[in-house]
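Student: sequence and computational prediction follow.
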Amino acid sequence: MSQRKYRYPATTTVLAYSTAQDWKFVLMHKAPYTLGKNGKWPNATYLQKSVVSICDETGVDLVLCGHDHMYLRTKSLYNNQLSQDGTVYVLNGTAGTKRYEIRSFLAGSFLDTNHIAGMAVQKNGYGNYWNGSDWNSTLQTNIGGFFSGISVNGGTLTMDAYILADHQDEQGQDIITKIDTMTLSKTTGQNTATYHGNNTTSKVAYVLQTVPSVL
């Protein structure tokens, strides 16, 4: 087996302990929390059992994800429960035209709908707006390409989410709608770097470390 080194989810613990920065972000492809098609596969459950616990342990503030081609933001979660001191998970939409609908059977089992802070489905022909109780409502401006912006000013983090609609207005101008906004606040200067070693692991070590965590 190749001895090439890898950065796997298990090493997220080490990486998060390697920084004294005030804000900790994790970027990953598949989302631990989703109502898209990835939620029905076993690896989604694995992410909830492994990556989420690592984010809890290391004080990660924001996790940015993709793969399911819709927008969904959770409330702040710790140990899969609502918590002001937890982590926010964002399924960051899609800028392109490949868009997915909701798998409604996942609601209440894979993802507690009370944990949803914001959601938008960009695919035409489906309910696409989370109104706090269901996703059967529709907004024409949700059908389009997604983008977002994140700004940090000391102890304040702000994220704004937008959709550029597929259609234009009567004057032929683009329609850009802010679909969600979030602000996180914290006291700065509280994090310390407690790990200064090698933050990579071999593939064999990864398997030995992570497989027991999901059994």
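Tutor: All right, it came through fine. Numbering: from 1, shown residues only.
Student: going forward, measure contacts between C-alpha atoms and count neighbours the same way
Tutor: Noted.
Student: can I assume Q190 is in contact with W23?
Tutor: No: here Q190 does not reach W23: they are 10.1 Å apart, not a contact under CA atoms under 8 Å.
Student: between these two, which one's more packed in?
Tutor: Under the criterion of other CA atoms under 10 Å, the comparison of Q190 against W23 puts W23 first, with 19 against 9.
Student: ok, that one to V90 distance?
Tutor: 16 Å (CA to CA, to the nearest Å).
Student: ok, now F147?
Tutor: On the measure of CA to CA, F147 and V90 end up 12 Å apart.
Student: Q171 too?
Tutor: In terms of CA to CA, Q171 sits 34 Å off from V90.
Student: okay, the two: which has more neighbours?
Tutor: Set Q171 next to V90 and count neighbours by other CA under 10 Å: V90 wins out with 24 against 6.
Student: any idea how far that one is from T74?
Tutor: As judged by CA to CA, V90 and T74 stand 7 Å apart.
Student: what's the answer for D61, then?
Tutor: Counting by CA to CA - D61 and T74 are separated by 12 Å.
Student: shared neighbours of the two, anything?
Tutor: Between them, D61 and T74 share these contacting residues under CA atoms under 8 Å, 6 or more residues apart in numbering: V88.
Student: counting neighbours, what do you get for the closest residue to D174 other than its chain neighbours?
Tutor: Leaving aside its chain neighbours, D174 sits nearest to Q168 (4.9 Å; criterion: CA to CA, 6 or more residues apart in numbering). Other residues near Q168 come to 13 when the count uses other CA under 10 Å.
Student: which other helices and strands contact the helix or strand encompassing G118?
Tutor: According to DSSP states H and E, G118 maps onto strand 116-120. The criterion is 3 or more CA pairs under 8 Å, 6 or more residues apart in numbering; DSSP states H and E, and the helices and strands that strand 116-120 contacts are strand 71-74.
Student: need the next SSE after the strand it packs on, C-terminal direction.
Tutor: With elements assigned by DSSP H and E, the helix or strand that comes after strand 71-74 is strand 77-78.
Student: which elements pack onto that following strand?
Tutor: Packed next to strand 77-78, using 3+ CA pairs under 8 Å, 6+ apart, is no helix or strand.
Student: starting at the chain centroid, how far to that strand?
Tutor: Put simply, strand 77-78 sits 13 Å off its chain's centre (CA atoms, centre = their mean, to the nearest Å).
Student: residues contacting the very next helix or strand once past that strand, please?
Tutor: Downstream of strand 77-78, the next assigned helix or strand under DSSP H and E is strand 81-82. The contact list for strand 81-82 (CA under 8 Å, 6+ apart) reads 75-76, 115.
Student: if we use 6 Å, what do you get?
Tutor: S76 (CA atoms under 6 Å, 6 or more residues apart in numbering).
Student: got it, and stretch 114-127?
Tutor: 70-75, 99, 128-130, 135-138, 142-144.
Student: how about that stretch: buried residues?
Tutor: 115-124, 126-127 (16 or more other CA atoms under 10 Å).
Student: can you give the distance of that stretch from its chain's centre?
Tutor: Distance, centroid of stretch 114-127 to centroid of chain: 14 Å (CA atoms, centre = their mean).
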